[in-house]
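**Q** give me a 3D structure for the following:
(chains A and B)
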Amino acid sequence: MATKPRKPKRAKQPDIFDRTVVYYGIKIPPFRGKMSPTAKAIREALRAQVEPTRGKQKRA
Amino acid sequence: MANRSALKPPAAKSVFINCPFDDGFKPIFRAIVFTIISSGYYPRCALDATDGADIRVSKIAIMIGECDWGIHDLSRIEVDGAGIPRFNMPMELGLYLGARLLGEGRHRKKRALILEAERHRYDAVLSDISGQDIEIHGNDPDQAMRRVRDWLSAHRSRNAPPLRGATAMQANYRLFHTQIDALLVDFDLDALSELTHNDFTFAVREWIAKQATAMLP
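**A** Next up is the predicted model:
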């Protein structure tokens, strides 16, 4: 029996903090350095500020 | 796969910062770093490798080779309490100009911005640099941001989008300070002024990413 061709997986969109973002028309590249525990905490805090807003918008 | 964080930024987007790293100069230094990141470039300086100011000249030379842009602040070359002037900044400027004059290929296109606190003071101490792009910041972080922004803007390619105005960048920098300081307090972390150079650079970039995301439809 012929196997069903697998549906190609869509490439996972990289995290906004890991990819180039466009801010007022300017491409801002991601940080390229070692991330310290403080840096990780800053990232998670900023992520928490972005993500709840999106969740609320979906529920509304 | 190569570790993303280990990748070197492209030279065409890298700005070498040659300035003092003491607490007194930090407000200007950090304003410059913010402007560079907001303009889509990578700030590079001796603190990338270590958070102490003790770095070998060979490492600085390698970094200069990796940057097509250079900002050199000569506002703090005055004599210190012991009556000794600071020669690090003029020496690194000399290395940078040497790379441009004697290097090959890409190095010949290196661009340099020289910052001073007072107009024409450099004439008295380093007259050989007359004729370069020399701008005055008057020891004011806002003015330093404006000078750096205008210099980067003046040398952008014709098809590149315009950079935001200096006034908008300055307002953004104040907003960044307010928001990140509040976040650091919430998480019981050191204040922004106490963050290491790498953590500060990281905070700027991540904050901009957050702002950009908030603007998405």
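**Q** distance of the residue nearest to residue B:126 when sequence neighbours are not counted from residue B:108?
**A** The shortest distance from residue B:126 to any residue other than its chain neighbours is 6.0 Å, reached at residue B:90 (C-beta to C-beta, 6 or more residues apart in numbering or on different chains). All C-beta atoms are positioned from the backbone trio N, CA, C, and that covers glycine. To residue B:108, residue B:90 is 22 Å away according to C-beta to C-beta, to the nearest Å.
**Q** between those two, who's got more neighbours?
**A** Taking other C-beta atoms under 10 Å in any protein chain shown, residue B:90 and residue B:108 do not tie; residue B:90 has more neighbours (19 against 11).
**Q** now do the contacts for that one.
**A** B:74, B:77, B:126 (C-beta atoms under 8 Å, 6 or more residues apart in numbering or on different chains).
**Q** was I right to think the last one contacts residue B:74?
**A** Yes. Residue B:126 lies in contact with residue B:74 (C-beta atoms under 8 Å); the separation is 6.8 Å.
**Q** the two - which one has more neighbours?
**A** residue B:74 (22 against 18).
**Q** test my guess that the more buried one contacts residue B:93.
**A** Yes. Here residue B:74 reaches residue B:93: they are 7.2 Å apart, a contact under C-beta under 8 Å.
**Q** how many residues are close by residue 20?
**A** The chain I'm using is chain A. Neighbours of residue A:20 (other C-beta under 10 Å): 13.
**Q** chain B is the one I meant
**A** 18.
**Q** what do you get for the one 4 residues further on?
**A** With neighbours defined by other C-beta under 10 Å, the count for residue B:24 comes to 10.
**Q** same deal with residue B:80?
**A** Using other C-beta under 10 Å, residue B:80 has 9 neighbouring residues.
**Q** ok, residue B:159 next?
**A** Residue B:159 has 5 nearby residues by other C-beta under 10 Å.
**Q** go on, residue B:155?
**A** Per other C-beta under 10 Å, the neighbour tally for residue B:155 reads 13.
**Q** swap in residue B:156?
**A** Quick note: residue B:156 (other C-beta under 10 Å) scores 13 neighbours.
**Q** same question for residue A:36.
**A** 14.
**Q** and the pLDDT for it?
**A** Per-residue pLDDT puts residue A:36 at 92.
**Q** do you know how far the closest residue to residue A:30 other than its chain neighbours is from residue A:29?
**A** Distance criterion C-beta to C-beta, 6+ apart; nearest residue to residue A:30, sequence neighbours excluded, is residue A:18 at 5.4 Å. Distance of residue A:18 to residue A:29, given as C-beta to C-beta: 10 Å.
**Q** likewise residue B:102?
**A** In terms of C-beta to C-beta, residue B:102 sits 30 Å off from residue A:29.
**Q** and the two? which has more neighbours close in?
**A** Taking other C-beta under 10 Å, residue B:102 and residue A:29 do not tie; residue A:29 has more neighbours (16 against 9).
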